[in-house]
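1. Return atomic coordinates for the entry below.
(3 chains)
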Amino acid sequence: MPELPEVETIKKGLDKHLKGHTIQDVLIYDPLRVTGSTENIIGSTVIGVQRRGKGLLIKLDNTYVIAVHVKMTGQLIYQGDKTKEIMLSQKVKKLPNTHTRVLFTLDGNASLFYNDIRRFGWLHILPHDKIKSIPFFRSLGPEPFGEGTNRLSIEYFSSLVRNSTSPIKTILLDQHKIGGIGNIYANDALYEAKIDPRRLGNSLTKEELKTLFEALHSLLLFSIKQGGASDTNFVNALGQDGTYQEYFKVYGKKDMRCKNCRDTIKRIVLAGRATFICLTCQK
DNA sequence: AGCTGTACCTGCAGGC
DNA sequence: TGCCTGCAGGTACAGC
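-> Numbering: from 1, shown residues only, chains lettered A, B, ... in the order given. Model prediction:
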């Protein structure tokens, strides 16, 4: 499921391959959750790709931007002359396929495919200075590895958690409070920090907060190096799988043994989400 | 105000 | 085989 490391992986690939391409045509196969006029971007050139939380911004040279949120099953796949030899993930059928929602035709015989199996994601074409009109970007909290005021500091993180009466896992998943963390990394970071996900924010000690903050950053960084987690539909900007799913600590490991103490991993539901805990290690 | 539960979607796995 | 149910989870919003 695309979270910060997966979206960062898409961002890197798109920034590398899309930059300098001119959009020649846009074909919308499925208008659900697609807004804005394609006329505003035809003929414009990509100048860079940025990420905010789990959101992507494809910046164009005419002040417009293509804002995309892939939610759980979205994919942005680039194909061009230089990448034609690359083997696609087995989960991507020949493009365009039944899940292709938008096709961008680029100069130089290249294409960008926006696919979304479950149609939860969205794509908005809008002027760059109107990004904050999208509720998601307007209310997004600071994030790990963010720039300037968007960066999640240990001071903000500590006061946020210690002033909250919500379970710590719920706080981590709230994009208004912290951007970029989803269910996989919330589960794994809490396991790494040996903290029970149900613990209320205001019960965490200073030491636990520091450990959790560092676990989050090191896990996210490691996953970025692995190209994200491809346990379900995630593929990178060239349609390839990531490998972090091979390193899951507790996520998805119901009834399997804890790597640390050999106890059985339990699955509970917290804030409506599957939550995995080693009750021996996580207190 | 701030929280919890549910809707939005589709594909797939598992049970019978 | 094939139908049915439950589950996957990021975000928005209704309702408390």
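2. what's the neighbour count on the closest residue to A:S158 other than its chain neighbours?
-> Distance criterion CB to CB, 6 or more residues apart in numbering; nearest residue to A:S158, sequence neighbours excluded, is A:L209 at 4.9 Å. C-betas here are computed from N, CA, C, even on glycine. Burial measure for A:L209: 21 neighbouring residues, criterion other CB atoms under 10 Å.
3. residue contacts, A:L209?
-> A:I154, A:F157, A:S158, A:V161, A:R162 (CB atoms under 8 Å, 6 or more residues apart in numbering).
4. Same question for A:R138.
-> So A:R138 contacts A:K132 (CB under 8 Å, 6+ apart).
5. So for the residue of the stretch 51-200 of chain A found nearest DNA strand B, what's the pLDDT?
-> Residue nearest to DNA strand B within the stretch 51-200 of chain A (CB to the nearest atom of the strand): A:R118, separated by 3.5 Å. If you check A:R118, the pLDDT there is 91.
6. Same check on the one 4 residues further on?
-> Here, the pLDDT recorded for A:W122 equals 96.
7. how near is the closest residue to it other than its chain neighbours to DNA strand B?
-> Leaving aside its chain neighbours, A:W122 sits nearest to A:R33 (4.1 Å; criterion: CB to CB, 6+ apart). Noted for A:R33: a distance of 8 Å to DNA strand B, by CB to the nearest atom of the strand, to the nearest Å.
8. For the closest residue in space to A:V92 that isn't next to it in sequence, list the residues it contacts.
-> In this structure, A:V92 finds its nearest non-sequential neighbour in A:G239, 4.7 Å apart by CB to CB, 6+ apart. Counting by CB under 8 Å, 6+ apart, A:G239 touches A:Q75, A:I77, A:Q79, A:I86, A:L88, A:S89, A:V92, A:L95.
9. that's a helix at A:V269, yeah?
-> No: A:V269 is assigned strand when assessed by DSSP: H, G, I helix; E, B strand; the rest coil, not a helix.
10. Any of the contacts of A:G239 buried? List them.
-> A:Q75, A:I77, A:Q79, A:L88, A:S89, A:V92, A:L95 (16 or more other CB atoms under 10 Å).
11. Now, those residues that are in strands?
-> Residues of those located in strands (DSSP state E): A:Q75, A:I77, A:Q79.
12. Which ones among those also lie next to DNA strand C?
-> With the criterion set as CB under 7 Å from any atom of the strand, no member of those is near DNA strand C.
13. Now do the strands in the stretch 101-250 of chain A.
-> Counting by DSSP state E, counting those that start in this stretch, the stretch 101-250 of chain A has strands at residues A:110-116, A:122-127.
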